[in-house]
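J.: need a 3D model of the sequence below.
(2 chains)
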Amino acid sequence: MTGSEATHSAGMDRRSFLGTSGLAVAAAPLAGGLSADAATAAAKTGGTAIELKVNGRSHRLAIDPRVTLLDALREHVGLTGSKKGCDHGQCGACTVHLDGERVLGCLTLAVQASGHEITTIEGLQGAGGALHPMQQAFIDNDALQCGYCTPGQIMAAVAAVKEGHAGSDEEIREYMSGNLCRCAAYPNIVAAIRQAAPQMARG
Amino acid sequence: MRPFEYSRAGDALDAVRAASVAAPSPTESPVQYLGGGTTLVDLMKLDVMRPTRLVDITGLDRKRYGAVEVGDKGVRIGALARMSEVADNAELRRDYPVVTDALWLAASQQLRVMARVGGNVLQRTRCSYFRDTKFTSCNKREPGSGCAALEGQNRGHAILGGSGDCIAMYPGDWAQALIALDANVEVLGSGGARSIRFADLHRPPGSTPQIETVLKPGDLITAFVIPASPVAKRSLYRKVRDRESYAFASASAAVALDLDGDTVRDARIALGGVATVPWRAREAEASLKGKRLDQASATAAAKIAFAGAAPREHNRYKLPLGQATVVRALLEAQRMEIA
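T.: You can find the predicted model right below:
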């Protein structure tokens, strides 16, 4: 069962439980020193009105212009599949699709993404929860260990195939070089992409 | 990040009007253009750049400002074109390979999708002292405060074009292809449109490292124009770095050759990873004209290219590495199969 399914079925996820139970005492600062409290206050006092179309659903938010797309997705829309690795565009963990192209959520301002189509890892699965061929390939090829870089890897991989940049192991490595994996699952990631690419072409 | 206002420019003149404010230099202006944001948002998070207003130019007319047009007289590349789409342009790859090389060998694909070629040439140095406000001695960030890199950790710093006030390395690749091929830059400013030689765009640090280009606040780069020439087809970009991919240059060379057999009719050499600004090695080029290109003449040219280099404690390796990269690039270009 995927995380998003767990949220929808249980009505509460780990994040909201920690929030309401009072266990999370000190809120960690969000991108660029903007605290969670400040972001909430901005939303309450107006902020900037934006519309994020995420995985086919429209979300109207009022946010501080400093909020990145990554933080908007994770903190305001509640889609925590996209990860914050470095917050400076260097690791690729925050990779999402903007109008079908892969971008880094941490260097994209949410105000700039307003009005555009955004796809996150949560939006890859098909109707009825069927895994995307790339997701299945990552499982089949053991292309992850801790899993933290994995959503970004998968989003980058899907894009690499669509761009026509997954024709060989060498090309895959080059065009996936923006996604770092500290667990070094790289060989299996390449294998997963080799498996999924023709399946995506057929599907 | 400090608070700012965000707006989207309706058209280019709107953008220029909004951004043409008084400021000591464009990088110090309170109004900044927002393109892909890959330099600006990064530096704003580090509190190195502190604009109070961002003017988003990514919505400007793509046909007018984001197109790639290849013709008999040369190439026109709109400043808003993404690095990724220019890198994948088949005509450019065939007729101006150094141009596409210099793009796909840069950054990561995500960054290449986000970043626009106009903003790319304005990217700022990766000097650790510049990027980290904990270091108080940075003449580029705080004029007059000194330069910590001169006697500090300067492994990645420039050996060409530096001064006693700044040795920050210009990290871009795309600029080397442009300067090698004698490109022009079209700029829209409050006084109208003008064209400048790309070679004249950047200013070495001298005693004012905070001034990086000849642009005025509000100036908007709108296009690059690369003239057709006999050197364009036999051209390439070789980049040597710590990692195979996704790293800045330790040393790089953009070369282009017009050969008659093995004799050089014209040669272009630009150096990356070693200088404070995009670097054209004109004396080295002149030394090759009319000569037979081989290991010996290439090595001699490389030596001329780096004459006047001023290495510091940790970047001496750039001298032999840079020279070897030039030699390798020249000889590889000589061996290219041209259709």
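J.: residues in contact with the closest residue to B:Thr136 other than its chain neighbours?
T.: For B:Thr136, ignoring the flanking residues on the chain, the nearest one in space by Cβ to Cβ, 6 or more residues apart in numbering or on different chains is B:Ser145 at 5.9 Å. In short, each C-beta sits where N, CA and C put it, glycine included. Counting by Cβ atoms under 8 Å, 6 or more residues apart in numbering or on different chains, B:Ser145 touches B:Thr136, B:Ser137, B:Cys138, B:Asn139.
J.: dump those residues to TSV, plus secondary structure, neighbour count and pLDDT.
T.: Shown next, in TSV, are the contacts of B:Ser145 (DSSP: H, G, I helix; E, B strand; the rest coil; neighbours: other Cβ atoms under 10 Å in any protein chain shown; pLDDT from 0 to 100):
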residue	secondary structure	neighbour count	pLDDT
B:Thr136	coil	11	97
B:Ser137	coil	16	98
B:Cys138	strand	26	98
B:Asn139	coil	24	98
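J.: need those in TSV with distance to B:Pro26, can you?
T.: TSV is the format used below for the contacts of B:Ser145 (distance: Cβ to Cβ, whole Å):
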residue	distance to B:Pro26
B:Thr136	24
B:Ser137	23
B:Cys138	18
B:Asn139	17
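J.: what's the most distant pair in the residues you listed?
T.: Spanning the widest gap among the contacts of B:Ser145 are B:Thr136 and B:Asn139, at 11.0 Å by Cβ to Cβ.
J.: nearest to chain A, of the contacts of B:Ser145?
T.: Chain A has its nearest neighbour among the contacts of B:Ser145 in B:Cys138, at 18.5 Å by Cβ to the nearest Cβ.
J.: circling back: which SS state does the residue nearest to B:Thr136 fall under?
T.: Using DSSP: H, G, I helix; E, B strand; the rest coil, the structure places B:Ser145 in coil.
J.: for it, give me the backbone phi and psi.
T.: Dihedral angles of B:Ser145 (phi, psi; degrees, to the nearest 10) stand at phi -90, psi -10.
J.: any idea how far it is from B:Ser29?
T.: The gap separating B:Ser145 from B:Ser29 is 20 Å, by Cβ to Cβ, to the nearest Å.
J.: excluding chain neighbours, what is closest to the closest residue to chain A within the stretch 1-150 of chain B?
T.: Per Cβ to the nearest Cβ, B:Ser108 is where the stretch 1-150 of chain B lies closest to chain A, at 2.5 Å. With sequence-adjacent residues excluded and distances taken as Cβ to Cβ, 6+ apart, B:Ser108 is closest to A:Gly178, at 2.5 Å.
J.: measure how buried the one you found is and give me the count.
T.: As a burial measure, A:Gly178 scores 26 neighbours (other Cβ atoms under 10 Å in any protein chain shown).
J.: ok, it touching A:Cys94?
T.: No. Using Cβ atoms under 8 Å, A:Gly178 is not in contact with A:Cys94, being 10.8 Å away.
J.: so who does B:Pro297 touch?
T.: Check again: residue B:297 is Ser, not Pro. B:Ser287, B:Leu288, B:Lys291.
J.: can you list these in JSON lines and add secondary structure?
T.: As requested, the contacts of B:Ser297 are exported to JSON lines (three-state DSSP):
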{"residue": "B:Ser287", "secondary structure": "helix"}
{"residue": "B:Leu288", "secondary structure": "helix"}
{"residue": "B:Lys291", "secondary structure": "coil"}
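J.: closest one of those residues to B:Ile159?
T.: B:Ser287 (19.7 Å).
J.: how about the longest helix belonging to chain B: buried residues?
T.: Under DSSP state H, the helix in chain B containing the largest number of residues is helix B:318-335. Buried residues in helix B:318-335, counting neighbours by 16 or more other Cβ atoms under 10 Å in any protein chain shown, are found at B:318-319, B:321-323, B:325-330, B:333-334.
J.: which residue is nearest the centroid of chain A?
T.: A:Ser82 (2.5 Å; Cα atoms, centre = their mean).
J.: quick one: that one from chain B, how far?
T.: A:Ser82 sits 13 Å away from chain B, going by Cβ to the nearest Cβ, to the nearest Å.
J.: list the contacts of that residue.
T.: Listed by Cβ under 8 Å, 6+ apart, the contact set of A:Ser82 reads A:70, A:73-74, A:93-96, A:105, A:120-121, A:151-152, A:155.
J.: many thanks, have a good one.
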